[in-house]
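Undergrad: starting from these lines, generate the structure:
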Amino acid sequence: MTNGHRITIEEGTTAVRVVRDGQVLAESSRPLELRETGCPVRYYLPPEDVRTELLTASDTSTHCPFKGDASYWSVPGAADLVWAYHEPKDEVAAIKDHFCFYDTEVVTTG
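TA: Below you'll find the predicted structure:
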């Protein structure tokens, strides 16, 4: 990446869950962990691990110079809660069509 900006993507080793108003929206034991300069770790979840039937497509889209154009989805009471890159830049191609939520909790097992 340029000017000290860096993005790394690794296969996650922890399970993550997304719960909103008591309802599980997503649960994955195989998230991709994206680390980006100046940003918190983000978990990108495979579409098979997301209850997409609970999401409503939004008209919102954003552009990241490092990742590409993101599309957003909402749930009742939480606009644009989740996003995905359908055509990410080559450097981050691994996150294609994976969903990322603003609020993700790490599930501890033990």
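
Undergrad: list the contacts for residue 18?
TA: 24, 25, 26, 27, 45, 82, 101, 103, 104, 105 (Cβ atoms under 8 Å, 6 or more residues apart in numbering). All C-beta atoms are positioned from the backbone trio N, CA, C, and that covers glycine.

Undergrad: could you tell me which of the residues you listed count as buried?
TA: 25, 26, 27, 45, 82, 101, 104 (16 or more other Cβ atoms under 10 Å).

Undergrad: now the two most distant members of the residues you listed.
TA: Maximum pairwise distance in these, criterion Cβ to Cβ, is 13.7 Å, between 27 and 82.

Undergrad: quick one on the thing from earlier: would TSV of the buried ones among the contacts of residue 18 with secondary structure and pLDDT be doable?
TA: Converted to TSV, the buried ones among the contacts of residue 18 look like this (DSSP: H, G, I helix; E, B strand; the rest coil; pLDDT from 0 to 100):
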residue	secondary structure	pLDDT
25	strand	95
26	strand	95
27	strand	95
45	strand	96
82	strand	96
101	strand	94
104	coil	76
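
Undergrad: dump those to CSV, plus distance to residue 68.
TA: Formatted as CSV, the buried ones among the contacts of residue 18 follow (distance: Cβ to Cβ, whole Å):
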residue, distance to residue 68
25, 23
26, 22
27, 26
45, 18
82, 16
101, 18
104, 21
